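Enquirer: sequence and predicted structure are below.
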Amino acid sequence: MSTKGYFAFPPPISGTSRPYPTFIPQSPNIKEAFVDKSTPGKGNETRSEKPPHDEERTNRLHKERELIELSEIEWVRGGGVLRDAQGRRDKSRTERIRAELKLQEEEKTKIGRWRDYDERWKALAASDKALSFADIPWPLRTAPSSRDTDAFTLPAISEFLFESLSVRSNAVTKKSRIRGSILRWHPDKSSLVVGRVVAEDVDAVREGIHAVFHCLKRLQDDERDNNNTV
């Protein structure tokens, strides 16, 4: 008697406000696995068919579901509205995806600001050209206007230093961020930068470096105090 095969289908896809393409890959071919249990010389080959494992089927369905979810995310990103199994607007699920997309964009912006800041410092260290006040990668979300050292306040510097630490994928500690920044802005080390600044901006750069370092030391003291009280 022959054994009939069967097909496994993923859960039904919730409807949307208008049809949209969802790519579901075809199931990979499952090759029959044969095990030779015969003893050499006896000539009695036996072959047994190994059925697909439940784990393989579960993994396949999981991957297909991920593709469905990605399609829904792209649909909402493009302004679409999801629908439930009855064809009604699924406002709750749509809003959850919109909130997640907004959060992802905010996190991307935060990471991008810190990356740009770090890359500017690397470029500055690798160069020997003369520098102006505006060429210094100041630790602020918005670059200060020409020679404006009043912008270097504790709240402004704190906001810039720590905003990327709130990103969900972040693995950097607050203590580590403060320590690395102090090493970068220490007057002894930054004197090499000041030596390259054009004459008309030297005083403003020195004042700015002093203000930044002072704020960093206060942040370090606050962090140390917080740890001691825990």
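Expert: Alright, I've got the coordinates.
Enquirer: report the spatially nearest residue to the residue most central in space within the chain, omitting neighbours in sequence.
Expert: Centroid check for the chain by CA atoms, centre = their mean gives S169 as the closest residue, at 5.4 Å. Once flanking residues are discounted, S169 sits nearest to E107: 7.8 Å by CB to CB, 6 or more residues apart in numbering. Where you see a C-beta, it was placed from the backbone N, CA and C, and this is true even at glycine.
Enquirer: quick check: buried residues in the helix ranked longest in the chain?
Expert: Criterion DSSP state H: the longest helix present in the chain is helix 91-126. Along helix 91-126, these residues count as buried under the neighbour rule (16 or more other CB atoms under 10 Å): R93, T94, I97, E107, K110, W114, Y117, L124.
Enquirer: before we move on, the earlier item: any idea how far the residue nearest to the centre of the chain is from E72?
Expert: Distance, S169 to E72, by CB to CB, to the nearest Å: 22 Å.
Enquirer: and the helices in this protein, which stretches?
Expert: Along the chain, counting by DSSP H, helices occupy 54-77, 91-126, 154-163, 174-185, 187-194, 202-229.
Enquirer: what packs against the second one?
Expert: What it means is helix 91-126. helix 54-77, helix 154-163 (3 or more CB pairs under 8 Å, 6 or more residues apart in numbering; DSSP states H and E).
Enquirer: just want the angle from that helix to helix 154-163.
Expert: Per axes from the mean of the first three to the mean of the last three CA atoms, to 10 degrees, the angle that helix 91-126 makes with helix 154-163 is 100 degrees.
Enquirer: not counting sequence-adjacent ones, nearest residue to I157?
Expert: For I157, ignoring the flanking residues on the chain, the nearest one in space by CB to CB, 6+ apart is C215 at 4.6 Å.
Enquirer: residues touching the one you found, list them.
Expert: F152, T153, L154, I157, S158 (CB atoms under 8 Å, 6 or more residues apart in numbering).
Enquirer: thought the third one was touching L219?
Expert: Yes - distance between L154 and L219: 7.4 Å, which falls inside the contact criterion (CB atoms under 8 Å).
Enquirer: and the two? which has more neighbours close in?
Expert: Neighbours per residue, other CB atoms under 10 Å: of L154 and L219, the larger number sits with L219, 21 against 14.
Enquirer: thanks a lot, catch you later.
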